[in-house]
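S.K.: fold the following for me, if possible:
(chains A and B)
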Amino acid sequence: MGSQGGFGQSKEFLDLVKSIGEARSKSEEDRIILGEIETLKRRIVEPDIPKRKMKEYIIRLVYVEMLGHDASFGYIHAVKMTHDDSLLLKRTGYLAVTLFLNEDHDLIILIVNTIQKDLRSDNYLVVCAALNAVCRLINEETIPAVLPQVVELLGHAKEAVRKKAIMALHRFYQKSPASVLHLISNFRKTLCDKDPGVMGATLCPLFDLVTVDVKSHKDLVISFISILKQVAEKRLPKSYDYHQMPAPFIQIKLLKILALLGSGDKQASEQMYTVLGDIFRKSDTLINIGNAVLYECICCVSCIYPNPKLLDAAADAISKFLKSDHNLKYMGIDALGRLIKISPDIAEQHQLAVIDCLEDPDDTLKRKTFELLYKMTKSSNVEVIVNRMIDYMISINDNHYKTEIASRCVELAEQFAPSNHWFIQTMNKVFEHAGDLVNIKVAHNLMRLIAEGFGEDDDNADSQLRSSAVESYLRIIAEPKLPSVFLQVICWVLGEYGTADGKYSASYITGKLCDVAEAYSNDETVKAYAITALMKLYAYEIAAGRKVDILPECQSLIEELSASHSTDLQQRAYELQALIGLDARAVETVMPSDASCEDIEIDKSLSFLNHYVQESVEKGAQPYIPESERTGMLNTSSFRNEDHHEASMHGLRFEAYDLPKPVVPSKSPVTYTPSTELVPVPEPSYSREVHTSTAVPSISSSGSTELKLRLDGVQKKWGRPNYSSGSTSTSESSSQKTVNGVAQTEIVSTSTSRAQATSSFDLKKPQVEISPEKQRLAASLFGGPSKTDKRPTSSSHKVVKSSSHTTERPPAAKPVDASEKSTPVQPPPDLLDLGEPTVTSSAPLIDPFKQLEGLLDQGENVSVPNHGAVNATKPPEMMSLYAEIAASGQSGGVVNPIPTNGDDLLSGLSGGSIKTAAPGGAAGSPSLSKGPSLKDSLEKDALVRQMGVTPTSQNPNLFKDLLG
Amino acid sequence: MIHFVLLISRQGKVRLTKWYSAYPQKERTKVIREISGEVLARGPKLCNFVEWRGLKVVYRRYASLYFCMCINQGDNELEVLEIIHHYVETLDRYFGSVCELDLIFNFHKAYYILDELLLAGELQESSKKTVARLIAGQDALVETAKEEANSISSIIAQASK
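M.R.: Numbering: from 1, shown residues only, chains lettered A, B, ... in the order given. Coordinates of the predicted model:
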């Protein structure tokens, strides 16, 4: 598909792109773009610009916008371009507006009319372009303007149009569910479309619908299962295969839907078991997409009603994931987190793998592992887990994640705290390091918890909790730069309970509080908390009959605050001063000791005002009318239910005015012409019309239009119901078969799976010592008793781990893998078809520059012998960078290809990069093999050189094929 | 759902951006900066996923170009990784051994292809053949339009002689 016949743009534009490419800094780039903006601003308003020129300007605007600058001065020109008759320009216009405008932009209103016109076009490419724009630009307000037309396009002859119409409806559903709810039957119909692409697209809206409302879609279970079965059995056209997997993207979508439908529904789940088992067996774990399907299958199995066999299969798959590369480990940890809800024991098998992931340098993996730990926390391991989480929390800077992990720590600590002391310590740490990030509610929660205790009626424990809190706070309070929220908690607790156990004197604590107020003099909230705490302490002292001597610093604080700009602080200060002057009895009533938990009674009906109300009514005042009884007010609940069509009546109308009617009255009930509709047709009758129009056989439909020659030419042309109507209705109720009586509810017996695990690991010869520290950690995380019985398993886990961590795989580890895999990989037959392998051998370490030169000179460097095989045809330098991607999913049971590859050894690459080459051959997807890429790159190079574009030393990779 | 697609070169230069969720222009610049900072800094042996603002960014490196897609927390990362690859393969088929330079100069074509692949943040077509056919159909129209334009202009040129 040679499309690089010149880049088709003017020199000016190419120069722009080139200069951007050569810009050495962001500021230089910005300067160039600002200059370009000035040029465009001038040029674009010139009169009589040729259309081709205009098109280029628009593309240049897109470029400007893409680089993060504001091109809003040109938006209107892009909008204008969508009006153009030529598809070429129209397409550019649509592209530009979809990139420029958000759905709430003012200019949208100018495009709606064009879109309406284009949706009616008889060129399907125009319709497609319009539908693309619909998906991006139409907002809730404008949906009614295009909805009828989009629905009509569901019956279009071209599958591309039908597919895009579905996606547009899907978008509408996301924006305003009410607008398309009446179209559910249409979705069900398109599910049976003969084109797999349309069917696949239909799964998107159906997934959304099922997510919201599972019950009303239960009857579709059978259909989804049968589709999935057909897909898995490769009944779809070959072109939907992806890396030899039959339509994996459709499979994944279906599995997602089935997971929703089967969750908590035994009967529906039982119907799925067979096909899920099939997919488990069939999915190819050597390629990434196979693993993607497998992962989705695990998710599905963990959602639906549990089946021991499938859970076993899922556990097996997970253990394979955990032994593979980083991506799969990540997926494995995630899957583990899902499965753990159903069979909590499964984590034990993988304890060391989990711990390795926890200590991995990769942050992403680490976080995923923390998520898993969070899910498997119990009271026995909470201390280890929360401590780890806090350590990690302290080490990171990402506020978003810090907040999340902090709130998780708090949650776990509240739920599983083994002791009060530990709880307080933990909370202190969380607040100390992430205090400003946690929700203020968490702080309030903590205060309440300290006040109320843990709910048991054990006063002794409660007061212990309090005194340990007070003690720790007095220790922490002197530390610099504590978060405000934490200080608030500290002040409050010290105020309430500082002197409660009599360990510390009031003057000691008040001194501390004054220090806080002084140190954080910018924080009014803290000062308010501090002074209120002071007030409480003095009140308790006075009530207890002790003499209060106010420290000089307290006195000055009070004075300072009573002159504060904040009225709140002022009031508190004055209140405190007034309180000190009262006698013991009065203070006792005003500030009762330890009363924070006492309920304050609130008279919600304001009955104390009854007398006043009655008096006023007697004097002739209007009686109060409750809000619900008032008339003339819009009742919000009924408004919501209102039909969207009616709602749209109040808004803008997007329909054209009625054309003068021809005299011939239209009798055809089938034809539906939205253009002549003044207001949107009421929904029920409308959908009926659509049904009939699709159901009518082609002969009668064309016949009826032939009778009267009206402007329905378009309709006639496309109206042939190519698209199968509801004949293959999916809504048949599901047959109530019970699948071979899998009624067992019991969860996977771990003993069997464990046995499997150990047996397979026995094969591994080298036993590597695990550090005792790790073992200890494992034991504390996963429970002590299983420790001894786990050890052999764990050690062999370790083997796998260690081998995958090192870059060069020791060949010693390989035979084991080989024995697991039945067939050794043969070198692909077309291995040497790309000529002179000797060249590569001369350059063992290829530097990018040399490589580029080589490409220009004779260009033979790149042809590594095993090129013919697939996507692994990467220049070595890239390979090492890319290794982990290409190898993903393959490293599990990959055989070391060294003996089979002969000449390849000469290239002196590390084992790792060779590995990436061989599995490709093993996967053997010939459809991917490319033509002589070398020639192409040379041509491209020559072309750009002609145009004066030379790659800078900065980025010699520009010519490098993306796929290798 | 895919929230946005970013193509960034190793130097952090933007090669293509496509937004499926609403991000105002200012926000976009910030997002690009954040993501390129995160992604470009990652070592070669780590996962191809990054958690970001409660969402996930799946990225994949081809030569010196990073393809990033931002997805929801619950989406299947491996699938998205393959969607990226699917896109690259489609580009490759279209351009014939696609390289970064193709995308630099023909970024609008890369957009057209992306539009056939993804719509409203979802994969709309998983068959490379179908996508190729549609794009070819559009290009054919463009070609005829060009020819017509040429012939018309030549007619005019001749007439004006």
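S.K.: can you map out the helices along the stretch 501-650 of chain A?
M.R.: Assigned helices in the stretch 501-650 of chain A, in chain order: A:506-519, A:524-543, A:552-562, A:567-580, A:584-590, A:610-618, A:636-641, A:644-650 (criterion: DSSP state H, counting those that start in this stretch).
S.K.: and the second one, what does it pack onto?
M.R.: On a contact count with 3 or more Cβ pairs under 8 Å, 6 or more residues apart in numbering or on different chains; DSSP states H and E, helix A:524-543 meets helix A:484-497, helix A:506-519, helix A:552-562, helix A:567-580, helix A:584-590. The way it works is simple: take the backbone N, C-alpha and C, and place the C-beta from them, glycine included.
S.K.: compare those helices and give me the one nearest chain B.
M.R.: Comparison of the helices and strands packed on helix A:524-543 against chain B by Cβ to the nearest Cβ identifies helix A:484-497 as nearest, at 21.6 Å.
S.K.: would you list every one of the strands in chain B?
M.R.: Counting by DSSP state E, chain B forms strands over residues B:2-9, B:14-19, B:49-52, B:55-62, B:65-71, B:118-119, B:122-123, given from the N-terminal end onward.
S.K.: winner for burial among the helices and strands packed on helix A:524-543?
M.R.: Each of those was scored by mean neighbour count; the highest is helix A:484-497, a mean of 24, by mean count of other Cβ atoms under 10 Å in any protein chain shown.
S.K.: may I have it as PDB, with CA atoms only?
M.R.: Once non-C-alpha atoms are left out, helix A:484-497 reads as follows in PDB (Å, rounded to 0.1, in the frame of the first residue of the first chain):
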ATOM      1  CA  SER A 484      -2.200  20.500  60.200                       C
ATOM      2  CA  VAL A 485      -4.700  17.700  60.400                       C
ATOM      3  CA  PHE A 486      -2.600  15.800  62.700                       C
ATOM      4  CA  LEU A 487      -2.100  18.800  65.000                       C
ATOM      5  CA  GLN A 488      -5.800  19.200  65.200                       C
ATOM      6  CA  VAL A 489      -6.200  15.700  66.400                       C
ATOM      7  CA  ILE A 490      -3.400  16.100  68.800                       C
ATOM      8  CA  CYS A 491      -4.800  19.300  70.300                       C
ATOM      9  CA  TRP A 492      -8.200  17.900  70.600                       C
ATOM     10  CA  VAL A 493      -7.100  14.700  72.300                       C
ATOM     11  CA  LEU A 494      -4.800  16.600  74.700                       C
ATOM     12  CA  GLY A 495      -7.600  19.000  75.500                       C
ATOM     13  CA  GLU A 496     -10.100  16.200  76.200                       C
ATOM     14  CA  TYR A 497      -7.900  13.600  77.800                       C
END
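S.K.: now the angle between helix A:524-543 and that helix, please.
M.R.: Between helix A:484-497 and helix A:524-543, the angle comes out at 10 degrees (axes from the mean of the first three to the mean of the last three Cα atoms, to 10 degrees).
S.K.: mind listing the helices for the stretch 1-150 of chain A?
M.R.: Taking DSSP H, counting those that start in this stretch as the criterion, the stretch 1-150 of chain A contains helices spanning A:11-22, A:26-44, A:51-66, A:75-82, A:87-100, A:108-119, A:124-137, A:143-153.
S.K.: can you add mean pLDDT and give the strands of chain B back as TSV?
M.R.: As requested, the strands of chain B are exported to TSV (pLDDT from 0 to 100):
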stretch	mean pLDDT
strand B:2-9	92
strand B:14-19	91
strand B:49-52	89
strand B:55-62	92
strand B:65-71	94
strand B:118-119	89
strand B:122-123	88
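S.K.: now those as JSON lines including distance to chain A?
M.R.: Written out in JSON lines, the entries for the strands of chain B read as follows (distance: least, Cβ to the nearest Cβ, whole Å):
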{"stretch": "strand B:2-9", "distance to chain A": "7"}
{"stretch": "strand B:14-19", "distance to chain A": "6"}
{"stretch": "strand B:49-52", "distance to chain A": "5"}
{"stretch": "strand B:55-62", "distance to chain A": "4"}
{"stretch": "strand B:65-71", "distance to chain A": "6"}
{"stretch": "strand B:118-119", "distance to chain A": "4"}
{"stretch": "strand B:122-123", "distance to chain A": "5"}
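S.K.: let's have those in JSON lines, adding mean neighbour count.
M.R.: What follows is the strands of chain B, written out as JSON lines (neighbours: other Cβ atoms under 10 Å in any protein chain shown):
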{"stretch": "strand B:2-9", "mean neighbour count": "22"}
{"stretch": "strand B:14-19", "mean neighbour count": "20"}
{"stretch": "strand B:49-52", "mean neighbour count": "22"}
{"stretch": "strand B:55-62", "mean neighbour count": "23"}
{"stretch": "strand B:65-71", "mean neighbour count": "24"}
{"stretch": "strand B:118-119", "mean neighbour count": "24"}
{"stretch": "strand B:122-123", "mean neighbour count": "23"}
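S.K.: reformat these as JSON lines; add distance to residue A:306.
M.R.: Written out in JSON lines, the entries for the strands of chain B read as follows (distance: least, Cβ to Cβ, whole Å):
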{"stretch": "strand B:2-9", "distance to residue A:306": "32"}
{"stretch": "strand B:14-19", "distance to residue A:306": "40"}
{"stretch": "strand B:49-52", "distance to residue A:306": "28"}
{"stretch": "strand B:55-62", "distance to residue A:306": "27"}
{"stretch": "strand B:65-71", "distance to residue A:306": "28"}
{"stretch": "strand B:118-119", "distance to residue A:306": "35"}
{"stretch": "strand B:122-123", "distance to residue A:306": "30"}
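S.K.: how about those strands, which one is nearest residue A:106?
M.R.: strand B:14-19 (18.4 Å; Cβ to Cβ).
S.K.: so which bits of the stretch 251-400 of chain A are right by chain B?
M.R.: On the criterion Cβ under 8 Å from any Cβ of the partner chain, chain B has as its neighbours in the stretch 251-400 of chain A the residues A:252, A:288-289, A:291-292, A:295-296, A:299, A:326-327, A:329-331, A:361-362, A:364-365, A:367, A:400.
S.K.: which of those are buried?
M.R.: Buried subset of these (neighbour count, 16 or more other Cβ atoms under 10 Å in any protein chain shown): A:252, A:288-289, A:291-292, A:295-296, A:299, A:326-327, A:329-331, A:362, A:364-365, A:367.
S.K.: quick one, helices of chain B?
M.R.: Shown for chain B, the helices assigned by DSSP state H span residues B:25-40, B:77-95, B:100-105, B:107-117, B:128-160.
S.K.: make JSON lines from those and add mean neighbour count and mean pLDDT to it.
M.R.: As requested, those are exported to JSON lines (neighbours: other Cβ atoms under 10 Å in any protein chain shown; pLDDT from 0 to 100):
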{"stretch": "helix B:25-40", "mean neighbour count": "16", "mean pLDDT": "89"}
{"stretch": "helix B:77-95", "mean neighbour count": "24", "mean pLDDT": "91"}
{"stretch": "helix B:100-105", "mean neighbour count": "24", "mean pLDDT": "86"}
{"stretch": "helix B:107-117", "mean neighbour count": "21", "mean pLDDT": "90"}
{"stretch": "helix B:128-160", "mean neighbour count": "14", "mean pLDDT": "74"}
